[in-house]
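**Q** turn this into a model:
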Amino acid sequence: MTAFAAVVHKHDEPPAIAAVAQAIGSVTGERPSILVLGRCAMAVAPLRRDDPAAPVVSGISGVAVAGQIVLEEHRHFAATLGETAGTSSAAALVGAAYGRWHDRCAEHLSGEYAFALWEPREQALVCARDGLGIRLLYVAESAAAIVVTNVLSAALRHPSMADDLDEVALIAFLAHGGAADETRTCYRNVKVLPPGHTLTVRVRPHPSTTLRRHWRFPLADGTRRSRKTILEEYRSTLSEAVRDRLDAGGTTIFLSGGIDSTTMAAAATEVAVPGTLHGLTTRYPRYVEDLELPFTRAAAGHLALPLTVMDADTHQPWYEDPTDPPLASPLDEPMLADWRAALATAAGHGTVALYGEDGDALLRPPGWQGLRGAGSVAAIGLAAARYALAERRRPYIGLRWRERIGLAPPRRREPPSWLAATARTLLDARTESQVLGQRPEPLPPHPTRPEAQTLLTSTNISRFLAAMIAPEVTHRPVELRLPLLDSRLIRLVVSVPAIPWCQHKTLPRQAYRGRLPGPVLKRPKTPLDGFNEAFVAAWRTENGGRLTTPGAPLDEWIDVREWTRTLQSGEPAAVMAAWRVTALDSWLATRSRTVKDAACTR
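**A** As a prediction, this is how the structure comes out:
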């Protein structure tokens with residue numbers, strides 16, 4: 001991973017970057033390299049030896065690039081640009097792409113990336129983020145400067161940047177555990193660049209800002225494939241997705257007994273340098289019986305993959321290691337200490353780890369609307385009949401009759417009962433998303449896989465998961481990469497018939513038949529039944545009923561009596577939502593200023 005920042009001053013004065021650079025250096029533990037190009041200054045603090053140690057500058061155009069970038073089809077893309085794949089870093093290829101396509105260069109990129117690019121001749125800052133938002137990119141603005149970085153705390157370290165809080169964002173954290181929208185952060189002056197967008201800021205001769213969507217969710221390619229071809233293509237595509245994300249020096253695979261991580265591991269063993277892979281699985285003996293481990297061991301043994309088993313429930317909920325720096329923003333993750341411990345174990349085997357998100361969303365069977373977008377009623381009926389005969393169960397075709405005839409209301413995301421009316425009013429009245437005054441461009445509905453698109457482009461990935469794997473949150477020397485979210489894999493999945501291939505993950509199960517043990521492939525998706533109940537019960541026992549009434553401004557945003565009742569006797573899911581109050585109250589207490597001194601904005 002690379003921590004990076006670009007600072008552009010709006011006026012003719014040297015950009016102040018020393019404090020920003022110090023902040024990104026504290027994330028990786030490496031001394032940051034600083035490059036000053038007129039009004040723009042860039043800082044880079046890499047972790048991995050393969051990452052550039054300084055911003056990459058094109059010798060011809062003088063374009064400078066800094067970012068956290070993993071490109072798919074690196075070699076092919078380099079050949080397209082006339083570059084040498086073995087010696088051209090991903091940042092160098094981004095610079096070369098800009099030389100050919102200018103600020104539309106991100107339309108030609110695929111992978112996991114967030115970067116900032118400075119064009120000195122045009123005095124333009126160009127920033128882009130991958131389509132699913134796997135990598136975070138913050139954009140902060142003050143009267144004097146614009147700061148772009150993947151480290152939130154670095155943006156706040158610029159001497160001109162105020163850290164006033166955004167109360168709507170804080171209320172959204174209480175209500176839903178996440179962001180109010182795709183751009184808002186808990187700071188008024190800091191936004192998140194929305195996924196799949198390019199931001200261009202020109203400072204001379206006429207200042208201007210544009211925000212443009214460069215990415216669309218992949219459409220079906222229209223190719224007709226036989227069953228054999230589909231299975232072969234899925235295996236080869238997953239192998240390439242994994243290959244592009246491996247580290248030749250050592251890669252950890254987060255392994256469970258499920259189909260997503262085991263097929264990812266099988267693909268990795270086919271393309272990795274022998275001896276460079278290591279499996280890591282976590283279990284929760286404190287809370288639930290471990291039903292996963294026999295399947296995990298069977299898969300690892302079949303693949304000859306060394307496996308480390310570690311307990312991921314050694315810390316109490318919301319435990320904070322005093323040696324870790326405080327979070328720059330609140331995070332709805334009571335097991336963060338255990339997550340960091342797992343990452344530290346992974347880092348012992350290399351600086352890259354593969355994580356199996358999000359096969360459930362990728363292979364989500366479409367409903368009736370999506371099926372009709374891909375074929376006729378007759379074709380759907382024939383495919384459904386064939387599937388039912390072969391599997392002896394009906395496929396999902398999305399006909400929610402109880403909702404359609406009014407017997408059951410559509411599911412809605414309701415705020416918790418303890419959220420006060422004043423907070424609900426503020427949340428409902430929030431303004432539209434924007435970055436530097438520019439509004440994001442919404443994605444059009446996908447014609448055949450609207451459910452998968454909605455899940456894969458939701459803030460669950462682009463904000464929560466992206467934060468959980470962000471360098472300043474993990475604070476461990478390892479970069480998480482997500483092969484199942486490869487754009488080639490998505491394009492393939494939306495191009496094959498949803499019945500049968502997206503029913504109960506038929507596609508990966510059949511593609512890896514013979515490459516993984518039968519019990520692993522046949523095992524249905526198995527949630528951790530009883531985990532939430534045991535987790536909350538243990539918290540209640542350890543906490544002993546001791547509750548601290550939150551301070552301002554939370555005492556105005558919640559009904560304290562209802563909140564207390566929920567914690568003492570509510571259902572597990574409601575209790576875990578109520579924990580966010582304490583988490584936010586604790587986070588506010590760690591800030592350098594008290595909340596009374598930090599202005600909030602609506």
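**Q** and for Pro330, nearest residue in space, chain neighbours not counted?
**A** Counting by Cβ to Cβ, 6 or more residues apart in numbering, the nearest residue to Pro330 once its immediate chain neighbours are dropped is Trp587, at 4.3 Å. Quick note: C-beta positions are derived from backbone N, CA and C, even for glycine.
**Q** what about that neighbour, which helix or strand?
**A** For Trp587, the host element (DSSP states H and E) is helix 572-590.
**Q** and that helix, what's its mean pLDDT?
**A** For helix 572-590, mean pLDDT is 93.
**Q** what does stretch 527-541 give?
**A** Taken as a whole, stretch 527-541 has a mean pLDDT of 88.
**Q** report the buried residues of that stretch.
**A** Counting neighbours by 16 or more other Cβ atoms under 10 Å, one finds that the buried residues in stretch 527-541 are Leu528, Asn532, Ala534, Phe535, Val536, Trp539.
**Q** ditto for stretch 321-330
**A** So stretch 321-330, judged by 16+ other Cβ under 10 Å, has buried residues Leu327, Ala328, Ser329, Pro330.
**Q** what does stretch 450-462 give?
**A** Pro450, Glu451, Ala452, Gln453, Leu455, Leu456, Thr457, Ser458, Thr459, Ile461, Ser462.
**Q** which residue packs closest to the fourth one, ignoring adjacent ones?
**A** Spatial nearest neighbour of Gln453, excluding adjacent residues (Cβ to Cβ, 6+ apart): His446 at 4.1 Å.
**Q** pull the number of nearby residues for the residue nearest to Pro330.
**A** Here the number of neighbours of Trp587 (other Cβ atoms under 10 Å) works out to 18.
**Q** residue contacts, it?
**A** Residues near Trp587 by Cβ atoms under 8 Å, 6 or more residues apart in numbering: Pro326, Leu327, Ser329, Pro330.
**Q** quick one: contacts of stretch 97-105?
**A** In contact with stretch 97-105 (Cβ under 8 Å, 6+ apart) are residues 58, 60-61, 63, 65, 77, 81, 94, 107-109, 117, 119, 124, 126, 128, 198, 200, 210, 214.
**Q** if we go to 6 Å?
**A** Contacts to stretch 97-105, defined as Cβ atoms under 6 Å, 6 or more residues apart in numbering, come from residues Ser61, Val63, His108, Leu117, Val126, Thr200.
**Q** and that stretch, how far from the chain's centre?
**A** Remark: stretch 97-105 is offset 25 Å from the chain centroid, using Cα atoms, centre = their mean, to the nearest Å.
**Q** buried set for it?
**A** Those would be Ala97, Tyr98, Asp103, Cys105, for stretch 97-105 by 16+ other Cβ under 10 Å.
**Q** tell me where the stretch 351-500 of the chain has strands.
**A** Taking DSSP state E, counting those that start in this stretch as the test, the strands found in the stretch 351-500 of the chain are 352-354, 479-481.
**Q** the last one pairs with which strands?
**A** Within its sheet, and counting by DSSP bridges, strand 479-481 is paired with strand 352-354 (parallel).
**Q** give me the contact list for the partner strand.
**A** By Cβ under 6 Å, 6+ apart, the residues outside strand 352-354 that reach it are Asp247, Thr251, Thr252, Ile253, Ala346, Val478, Glu479, Leu480, Arg481, Pro483.
**Q** list the buried residues of stretch 195-210.
**A** Within stretch 195-210, the residues scored as buried using 16+ other Cβ under 10 Å are Pro195, Gly196, His197, Thr198, Leu199, Thr200, Val201, Arg202, Val203, Thr209.
**Q** which one of the residues you listed is nearest to Leu419?
**A** Comparing these against Leu419 with Cβ to Cβ places Pro195 closest, at 27.7 Å.
**Q** where does the spatially closest residue to that closest one that is not a sequence neighbour land in three-state SS?
**A** Distances taken as Cβ to Cβ, 6+ apart put Gly133 closest to Pro195, at 3.1 Å, once the chain neighbours are dropped. Here Gly133 is recorded as coil under DSSP: H, G, I helix; E, B strand; the rest coil.
**Q** next, count neighbours for Gly133.
**A** Neighbours of Gly133 using other Cβ under 10 Å come to 27.
**Q** is it true that it touches Arg463?
**A** No. Counting by Cβ atoms under 6 Å, Arg463 is not a contact partner of Gly133; they are 7.3 Å apart.
**Q** which stretches of the protein have low pLDDT?
**A** 1, 399-413, 544-545, 592-602 (pLDDT under 70).
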